[in-house]
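**Student:** With the input below, show me the fold.
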Amino acid sequence: MQKIILLICFLLISSVSFSQLRLDENFDYPAGDSLGAHGWTHFSGVTNTLFVTSPGLTYAGYPLSGIGNAATVGTTGNDNYKNFTSSADSSNANAIYTFFMVNVTSAQRPGDYFLGLLPNNSTTFYSGRVFARDMGGVLEFGVTKAGGGDTNTMVWASGYSYNTTYLMVLKYQFVPGANNNTVSLFIFNSGVPATEPAVPTIGPALYSSGDAANIGRVALRQSVATRAPTVIVDGISATTAWLTTVVNMKIAIEGILDATSSTHVVNDTATVYLRNNFAPYSIVDSAKSVINSQTLTGFFNFRNASTGTYYFDVRYRGLPVYRNAIQTWSKAGGELVTNNDGGSYDFTTSSAQAFGNNTMLKGTVYCIYSGDVSQDGVVDLSDGSLIDNDAFNFASGYLNTDLTGDDVVDLSDASIAENNAFNFVSAITP
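**Tutor:** Sure thing, here's the model as predicted:
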């Protein structure tokens, strides 16, 4: 009986010992859309609705950099919150870490908070508030816990610049006892530390305001016109650990690879599914990243997978529509992925890096085959027909039928598809 109890305890501990993603928000929606059309809830006001704005923010090394668009938080208007997939509290987390990119275009004194955390049943008890203000032309950031009185003892971090993208991490720490929870703010202008720095930029700060029973929402706040900043926010990610499993992956796509320079002609996105290495090879997690055109590298941030051996299932371009390359899996047997560490994987060095040797050599780089416009796992006449039809109609833009990434559908795209159809190129999976 004791062995059974110990086994059950072990399984329960194992199930929660790795970090859990509570929210990923890249604002990967059409510019001009209301945030309310994409899972956010408007509250506290009826004017100056928050919209998706373009372009999105970029920050080198941050996995959510350069994906989708952004949101611009103005000086006054309604506020918006988005629910976490599940709430974090002291029973299931030691802390909640909220990563986000921020670019302040203007601020004023005395300043105000533009982003905060909320319990899952509240629109008023902001628990973790990130401030911006101007001090003689210099941008400053601050953080408080929950009460307006916290600002009386708030510490500000100074020396920051306008129109500059920073990576911030707001940490809300659950501490046993009454009114003991703390908040910290980490601010980075370059790099992404693999582990939590011992000393935050601000904090950990213990304020006299009350503790939140749980954290279940992130909110964007438009305050009062006489004190609030104007801020671009992007790449919001809430999780129960500092960094989750980031895999540095190198991927080349046949159609957009320039064989002479061994670089892509454009930046584009890919989605990677993490699959079990045993039948039925179920999807355990997924991540999306921009593939840098010069380095052919993306940072894929897996948030929910424990340490184990997995297959990488690569799809060129992210949701909702995959673009035009063949689904490609990593080599037979799978790869060890270590939680809160990750690692790297390179599809470009050898055909053996892909399951079934299912890549092609272009110049000196092994590439994922292009041409599967219909995304049915086979390059065939149906794909060629779609390309021919768009070429005949002089179609242009970011289209699945544009294999070469030049925003024009023409004979160069048709040639790639026809060649791969002739060679019976198709997806090869376990």
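
**Student:** contacts and neighbour counts: CA atoms only from here.
**Tutor:** OK.

**Student:** Walk me through the domains of this protein.
**Tutor:** 18-239, 245-422 (automatic domain parsing).

**Student:** got TSV for those, with mean pLDDT too?
**Tutor:** Shown next, in TSV, are the domains of the chain (pLDDT from 0 to 100):
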stretch	mean pLDDT
domain 18-239	91
domain 245-422	90
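
**Student:** can the ones you listed go into CSV with extra columns for distance to Ile428 and mean neighbour count?
**Tutor:** Output for the domains of the chain, formatted as CSV (distance: least, C-alpha to C-alpha, whole Å; neighbours: other C-alpha atoms under 10 Å):
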stretch, distance to Ile428, mean neighbour count
domain 18-239, 28, 19
domain 245-422, 6, 20
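
**Student:** among these, which is nearest Pro430?
**Tutor:** domain 245-422 (7.7 Å; C-alpha to C-alpha).

**Student:** ends of the closest one, how far apart?
**Tutor:** 40 Å (C-alpha to C-alpha, to the nearest Å).

**Student:** Also stretch 333-344?
**Tutor:** Stretch 333-344: ends 16 Å apart by C-alpha to C-alpha.

**Student:** Can you give the contact residues for whichever strand or helix holds Thr105?
**Tutor:** Element membership for Thr105, per DSSP states H and E: strand 95-106. Residues from elsewhere that reach strand 95-106 (C-alpha atoms under 8 Å, 6 or more residues apart in numbering): 57-59, 88-89, 162-174, 215, 229-242.

**Student:** From the residues you listed, which land in strands?
**Tutor:** The members of the contacts of strand 95-106 that map onto strands under DSSP state E are 88, 165-173, 215, 230-239.

**Student:** quick revisit: can you put the domains of the chain in a markdown table and add distance to Pro430?
**Tutor:** As requested, the domains of the chain are exported to a markdown table (distance: least, C-alpha to C-alpha, whole Å):
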| stretch | distance to Pro430 |
| --- | --- |
| domain 18-239 | 28 |
| domain 245-422 | 8 |
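
**Student:** And those domains: which comes nearest Thr429?
**Tutor:** domain 245-422 (6.5 Å).

**Student:** roughly how far is the closest one from the heart of the chain?
**Tutor:** 18 Å (C-alpha atoms, centre = their mean, to the nearest Å).

**Student:** Equivalent analysis for stretch 22-31, please.
**Tutor:** Put simply, stretch 22-31 sits 8 Å off its chain's centre (C-alpha atoms, centre = their mean).

**Student:** give me the element Arg22 is part of.
**Tutor:** Arg22 belongs to strand 21-25, assigned by DSSP H and E.

**Student:** contacting residues around that strand?
**Tutor:** When contacts are defined by C-alpha under 8 Å, 6+ apart, strand 21-25 is touched by residues 83-87, 234-240, 303-304.

**Student:** partners of the helix or strand following that strand, with directions?
**Tutor:** Where DSSP H and E defines the elements, the next helix or strand beyond strand 21-25 is strand 41-43. Note on strand 41-43: by DSSP bridges, its sheet partners are strand 79-88 (antiparallel).

**Student:** Can you check what angle separates the partner strand from strand 95-106?
**Tutor:** Strand 79-88 and strand 95-106 are oriented at 160 degrees to each other (axes from the mean of the first three to the mean of the last three C-alpha atoms, to 10 degrees).

**Student:** hmm, back to that, with just CA atoms, put the strand holding Arg22 into PDB.
**Tutor:** Output of strand 21-25 as PDB, limited to C-alpha atoms (Å, rounded to 0.1, in the frame of the first residue of the first chain):
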ATOM      1  CA  LEU A  21       2.300  28.100 -19.700                       C
ATOM      2  CA  ARG A  22      -0.700  30.200 -18.700                       C
ATOM      3  CA  LEU A  23      -0.700  32.700 -21.700                       C
ATOM      4  CA  ASP A  24       1.000  33.400 -25.000                       C
ATOM      5  CA  GLU A  25      -0.100  36.500 -26.800                       C
END
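
**Student:** got the angle between it and strand 95-106?
**Tutor:** 20 degrees.

**Student:** okay, the angle between strand 21-25 and strand 230-239?
**Tutor:** 150 degrees.

**Student:** separation between the spatially most central residue of the chain and Asp413?
**Tutor:** When C-alpha atoms, centre = their mean is applied to the chain, the residue found nearest the centroid is Leu64 (3.2 Å). Using C-alpha to C-alpha, one obtains 30 Å as the distance from Leu64 to Asp413.
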